[in-house]
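Enquirer: everything below, folded, please.
(one chain, ligands or ions: 1)
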Amino acid sequence: MAVDIENPYNVAVAQFDEAAERLGLSQAMRAILRKPKRELIVNFPVRMDNGDVEMFTGYRVQHNINRGPAKGGIRFSPAVSLDEVRALAMWMTWKCAVAGIPFGGAKGGVICDPHNMSRTELERMTRRYTTEISIIMGPNSDIPAPDMNTNPQVMAWMMDTYSMHQGYSVPAVITGKPLAIGGSEGRLEATARGVLIVTREALKDLNMIPERCSVVIQGFGNVGSVTARLLADFGCKIVGLSDIKGGIYNPAGIDVHMALRYSKEHGNLSGLPGTERVTNAELLELPTDILIPAALENQLTVRNATRVKARLIIEAANGPTTPGAEEILYDKGVTIVPDILANAGGVTVSYFEWVQDLQRFFWDELEINERLETIMTRAYYATRHKAKEQDTNLRMGAYLLAVARVAEATEMRGVYP
Ligand code: GLU
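Expert: Have a look, this model is predicted:
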C-alpha cells in the first residue's frame, strides 16, 4: 500500500469516489463534489511573551455549502496541513448530511504547538487568526467550533473577536462556546453522547451485552475522556486508555472516575495506580471487544490492522482508519461504525446551539439530549438500512446516504450562472 494513501485528503477523495461510483453520479457532479469550494490560507504575525514576533500559518477550508452554511471545527496542532484541513472539511459535509442537519462542511486549523504556548500567546494567536479568517466567517456563512486542542475558552475569544469587528455580539458565529455567552447545555458532552448512542445500537445489532464488553479508548481529550465515563456508566468495562504521553491497561477494568481525577491532577494518565503502562501502538492491539480511536487520523493502518483484536470499532476520531486497514479489518469480520456517523453528536448539538443563539431562546439539557438521541438513532438506522439494502459496510452506507443528499441539493440548485 502506497504511503500516500494515508494523506487524509487522498483517503477522503477515495472514499467519495467509491460512493459516487455506486451512486452513478455524473462526471460533472463528481468533479464538483471532489473539490473544496473555498480554501483560505493565512500567514500572520503574533507577538510572543518575550517580545519576539513569530509568523503562523492557518487555514479555513469550506468544502460544500449547498445544504446550508459551512460548519466545522478549528484545530491547533503542529500536524495541521492544508490537505488535512481539506479532508476534515469534506468529512464535515458528509457528517452534516448523514445527521440530516442543514449545514455544509468546513474545517480550519493553525500550525502551532499549543502545549508550548502561554495562555496570553494562545489568546493573541486565536484573535489574530480569527481576524484573518473573518472575511469568510459569519452566522449565515461559516460557523467554526472546537476541535483538537481548542475548547470553549478559545471559542469565546473567537466569538468576541468577530463581535468586536461587527460592533455588537454575534453569538451564532461560533458554537462550542461557554454557557455564559450563548453556549448550549450538553455541547461539551455531545460528541461522546453520540458515540455512546451508536455504540449501544451497534451492540444490539451484534448481540453483544454491554456488561460483558471490554473497551479500549485511544485519546483522553474532550471526546475520549467523556466517552470513557459514559461507557463505564453504561456498564462496559474500560480496560485501556491513552493520552499523548502513552497508554494504560488493566484487564480487570480501570476506574474511569479515578482516571479522570488522576489526569486532572497529574496532567496525564501515566502511572495511574493499578494499571500497566503500554505504548500508544500497543494500546490499539490490546485484547478488547470494542476499540474506540478518539484521537487522530491514520491510527489503524495496513501496518497494525492484522493485530487488532476488537470486534467492534467506533470511530470517535475523524479518519482514524485507512482504506487499506479497513479491508483487512472487514476480512477479519470486524464491524466499523464510521466517523461521519459515530462522531456526529458534536456537530448536531452545535446545530442546536446555533438555532438557540439565532432565536435567543434556550433549551434545557434534557431537551438537548432527547433531540440528540432522536437524530443519532435515526442516522444510525438509516445508515444500517442503506448498508443492508446495498449489501455493503456501514461506512459505505453512510456515504451513500450523505453523498446522495449533497448531490441532490447541488443538482437542484444548478450550476450558476
Ligand atoms: N470538530 C467537531 C467535528 O469534527 C465538531 C464540529 C462542529 O461542531 O461544528 O465534528
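Enquirer: next, give phi and psi for whichever residue of the chain sits closest to the ligand.
Expert: Going by Cβ to the nearest ligand atom, the ligand is nearest to G73 of the chain, at 2.7 Å. (Glycine included, C-beta is placed from N, CA and C.) With angles defined as degrees, to the nearest 10, G73 sits at phi -80, psi 180.
Enquirer: how about A70?
Expert: The phi/psi pair for A70 (degrees, to the nearest 10) is phi -70, psi 140.
Enquirer: and stretch 164-179, how far apart are its ends?
Expert: 19 Å (Cα to Cα, to the nearest Å).
Enquirer: average model confidence for the longest helix that the chain contains?
Expert: Ranked by residue count and defined by DSSP state H, the top helix of the chain is helix 365-389. Mean per-residue pLDDT for helix 365-389: 98.
Enquirer: buried ones in it?
Expert: 368-369, 371-372, 375-376, 379-380, 382-384, 386-387 (16 or more other Cβ atoms under 10 Å).
Enquirer: so can I have a markdown table of those showing distance to H266?
Expert: Shown next, in a markdown table, are the buried residues of helix 365-389 (distance: Cβ to Cβ, whole Å):
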| residue | distance to H266 |
| --- | --- |
| I368 | 32 |
| N369 | 31 |
| R371 | 37 |
| L372 | 32 |
| I375 | 37 |
| M376 | 33 |
| A379 | 37 |
| Y380 | 36 |
| A382 | 43 |
| T383 | 39 |
| R384 | 41 |
| K386 | 45 |
| A387 | 42 |
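Enquirer: just checking, what packs against the one helix or strand E408 maps to?
Expert: Using DSSP states H and E, E408 sits within helix 394-413. With contacts taken as 3 or more Cβ pairs under 8 Å, 6 or more residues apart in numbering; DSSP states H and E, helix 394-413 sits against helix 8-23, helix 27-34, helix 82-99, strand 335-337, helix 339-342, helix 365-389.
Enquirer: please identify the buried residues of it?
Expert: Counting neighbours by 16+ other Cβ under 10 Å, helix 394-413 gives 394-407, 409-410 as buried.
Enquirer: can you give me the helices for the chain?
Expert: Under DSSP H, the chain gives helices at 8-23, 27-34, 82-99, 119-133, 152-166, 187-205, 222-234, 256-266, 280-284, 323-331, 339-342, 344-359, 365-389, 394-413.
Enquirer: the residue of the chain closest to the ligand against N149, yeah?
Expert: No - between G73 and N149 there is no contact, the gap being 10.3 Å when judged by Cβ atoms under 8 Å.
Enquirer: one step back: make TSV out of the helices and strands packed on helix 394-413 and add distance to D357.
Expert: What follows is the helices and strands packed on helix 394-413, written out as TSV (distance: least, Cβ to Cβ, whole Å):
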stretch	distance to D357
helix 8-23	30
helix 27-34	29
helix 82-99	17
strand 335-337	30
helix 339-342	25
helix 365-389	14
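Enquirer: is the ligand within reach of the longest strand along the chain?
Expert: Looking across the chain with DSSP state E, the single longest strand is strand 53-64. No - contact of strand 53-64 with the ligand (Cβ under 6 Å from any ligand atom) is absent, the minimum separation being 12.4 Å.
Enquirer: using PDB, list the CA coordinates for that strand.
Expert: Below are the C-alpha coordinates for strand 53-64, written out as PDB (Å, rounded to 0.1, in the frame of the first residue of the first chain):
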ATOM      1  CA  VAL A  53       7.200  38.400  16.600                       C
ATOM      2  CA  GLU A  54       6.500  34.900  15.200                       C
ATOM      3  CA  MET A  55       4.800  34.000  12.000                       C
ATOM      4  CA  PHE A  56       2.000  31.400  12.000                       C
ATOM      5  CA  THR A  57       0.100  29.700   9.100                       C
ATOM      6  CA  GLY A  58      -3.500  28.900   9.400                       C
ATOM      7  CA  TYR A  59      -6.300  27.600   7.100                       C
ATOM      8  CA  ARG A  60     -10.000  27.700   6.700                       C
ATOM      9  CA  VAL A  61     -11.500  25.400   4.000                       C
ATOM     10  CA  GLN A  62     -15.200  25.300   3.000                       C
ATOM     11  CA  HIS A  63     -15.900  22.100   1.200                       C
ATOM     12  CA  ASN A  64     -19.500  22.400   0.200                       C
END
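Enquirer: contact residues of the stretch 301-417 of the chain facing the ligand?
Expert: So the stretch 301-417 of the chain meets the ligand at N318, N343, G346, V347, S350 (Cβ under 6 Å from any ligand atom).
Enquirer: was I right about the third one contacting E189?
Expert: Read it as G346. No - checked against Cβ under 8 Å, the pair G346 and E189 is beyond contact range at 9.6 Å.
Enquirer: if you count surrounding residues, which of the two has more?
Expert: G346 (28 against 23; other Cβ atoms under 10 Å).
Enquirer: contacts only, for that one.
Expert: Shown in contact with G346 (Cβ atoms under 8 Å, 6 or more residues apart in numbering): G73, A145, R187, A190, T191, G194, V223.
Enquirer: show the contacting residues for D255.
Expert: D255 neighbours (Cβ under 8 Å, 6+ apart): G274.
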